[in-house]
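**Q** Show me how the following folds:
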Amino acid sequence: MNKAPIMLLCLAAASPALAQHQGHDMGQMQTEEPKSDPHAGHDMGQMQQEPADPHAGHDMGDQAQPENPPPGPVPEAAKSGPAHAADAIYGASEMAAARRQLHAEAGSMGIYKVLADRLEYRLQDGRDGYAWDVQGWYGGDVDKLWLKSEGEGAFRDKPESAEVQALWSHAIGPFFDLQAGIRYDFRPDPERGHLVLGVQGLAPYKFELDAAAFLSEEGDLTARLEAEYDQRLTQQLILQPRIEADIAAQDVPELGIGSGLSSIETGLRLRYEIAPEFAPYLGVEWERKIGATADFARTAGEEVELSRAVIGLRAWF
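**A** Numbering: from 1, shown residues only. You can find the predicted model right below:
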């Protein structure tokens, strides 16, 4: 068998592959190993990205630190300027007047108020009567002159009681004033003067309190406590319960007063504020003399216990 044609066919098939590597040194070729993937086996979709550092690229070491104030006393140079530097620009007399005005407007100016807490007509078993409780003050935030007057009586008769007080009032806290002064009773007979020491103000839960002790010119010691509370039902309708109690340290027969708790008076008034400074009201009141005071009243033929309806006005300016 002639083998030449077969060999020629084999050489022809191998010639294209040989032509591709012609000129290459196959012995010097290095086999490159595949590099390992550092993220192989990791689920890249579940990786969370770190938030960016807001200080990235900043040199934090160069940041200036605040300096502490220098220790020791204030330098003398800091105190060498004028007491009122504006005097050099606007003039000393003009600035002195401006400072006086500022001082007055910031709390030292005098202001006043007059309050008629009760001006009322009393209806009771054919013996109608009246009562008043008026007070006012003038002064500043701390010290005031306080005037008070109250009394009651029956129509077509002399007043059963009538008094006036003149008091110096000094603030002893944000809500209370200490008051001291004099009181003079025009009724009942005999007329008498008293020294007064008391407190007046707003107690917790907004109870208005007025408590005072009285030392008469005869040496009789008595005291009075008044308390009232404004319960706002609407913006204009206000219900006010009120109580007043009188106490004596000893019997005062000429005035019909017995020692201990001598009398108590309580009432309930419903007022309507047409304006904050003008409010008519309706109410009821109950009064009772107690202990030796009740005995003095019975001896004099007076009533010991009274109930009445009242119509009145509360106003201020």
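**Q** Please report phi then psi for the spatially closest residue to Ala171 that is not a sequence neighbour.
**A** In space, and not counting its chain neighbours, Ala171 is closest to Val142: 4.8 Å by CB to CB, 6 or more residues apart in numbering. In this view, the C-beta of every residue, glycine as well, is placed from N, C-alpha and C. When read as degrees, to the nearest 10, the backbone of Val142 gives phi -110, psi -50.
**Q** residues near Val142, how many?
**A** As a burial measure, Val142 scores 12 neighbours (other CB atoms under 10 Å).
**Q** Report the separation between it and Ala245.
**A** Separation of Val142 from Ala245 (CB to CB, to the nearest Å) stands at 30 Å.
**Q** try Arg271
**A** Per CB to CB, Arg271 is found 23 Å from Ala245.
**Q** Could you do Tyr90 as well?
**A** 60 Å.
**Q** So these two - more neighbours on which side?
**A** Ala245 (17 against 11).
**Q** Look at that one and tell me its secondary structure.
**A** Here Ala245 is strand, with the state taken from DSSP: H, G, I helix; E, B strand; the rest coil.
**Q** you'd agree it is up against Glu287?
**A** No: the pair Ala245 / Glu287 is not scored as a contact, 11.2 Å apart, by CB atoms under 8 Å.
**Q** Overlap of the contact sets of the two?
**A** Common neighbours of Ala245 and Glu287, counting by CB atoms under 8 Å, 6 or more residues apart in numbering, are Ser263, Ile264, Glu265.
**Q** got a winner among the residues you listed for most neighbours?
**A** Ser263 (21 neighbours).
**Q** hey, where'd the helices end up in the stretch 201-317 of the chain?
**A** Along the stretch 201-317 of the chain, counting by DSSP state H, counting those that start in this stretch, helices occupy 291-299.
**Q** how about the strands in it?
**A** Here the stretch 201-317 of the chain has its strands, by DSSP state E, counting those that start in this stretch, at 207-216, 221-229, 231-232, 237-248, 260-272, 278-289, 305-316.
**Q** again, but for the stretch 1-150 of the chain
**A** 111-123, 129-139, 143-154.
**Q** Dump the ones you listed to a markdown table, plus distance to Leu202.
**A** Shown next, in a markdown table, are the strands of the stretch 1-150 of the chain (distance: least, CB to CB, whole Å):
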| stretch | distance to Leu202 |
| --- | --- |
| strand 111-123 | 14 |
| strand 129-139 | 15 |
| strand 143-154 | 15 |
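**Q** okay if I get those as CSV plus mean neighbour count, mean pLDDT and distance to Glu208?
**A** Shown next, in CSV, are the strands of the stretch 1-150 of the chain (neighbours: other CB atoms under 10 Å; pLDDT from 0 to 100; distance: least, CB to CB, whole Å):
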stretch, mean neighbour count, mean pLDDT, distance to Glu208
strand 111-123, 16, 96, 9
strand 129-139, 18, 97, 12
strand 143-154, 17, 96, 14
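**Q** Can you report how many residues lie near the closest residue to Gly283 other than its chain neighbours?
**A** In this structure, Gly283 finds its nearest non-sequential neighbour in Arg269, 3.4 Å apart by CB to CB, 6+ apart. Counted with other CB under 10 Å, residues neighbouring Arg269 total 23.
**Q** contacting residues around Arg269?
**A** Arg269 makes contact with Leu239, Gln240, Arg242, Tyr281, Leu282, Gly283, Val310, Gly312 under the criterion CB under 8 Å, 6+ apart.
**Q** What residues of stretch 196-212 count as buried?
**A** Val196, Gly198, Val199, Gln200, Gly201, Glu208, Leu209, Asp210, Ala211, Ala212 (16 or more other CB atoms under 10 Å).
**Q** try stretch 273-285
**A** Residues of stretch 273-285 classed as buried: Glu273, Ala279, Tyr281, Gly283, Glu285 (neighbour count, 16+ other CB under 10 Å).
**Q** Could you export the residues you listed to JSON lines, including columns for pLDDT?
**A** Formatted as JSON lines, the buried residues of stretch 273-285 follow (pLDDT from 0 to 100):
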{"residue": "Glu273", "pLDDT": "97"}
{"residue": "Ala279", "pLDDT": "98"}
{"residue": "Tyr281", "pLDDT": "98"}
{"residue": "Gly283", "pLDDT": "98"}
{"residue": "Glu285", "pLDDT": "97"}
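**Q** ok, those residues vs Gln124, which is closest?
**A** Of all the buried residues of stretch 273-285, Glu285 has the smallest distance to Gln124: 9.0 Å, by CB to CB.
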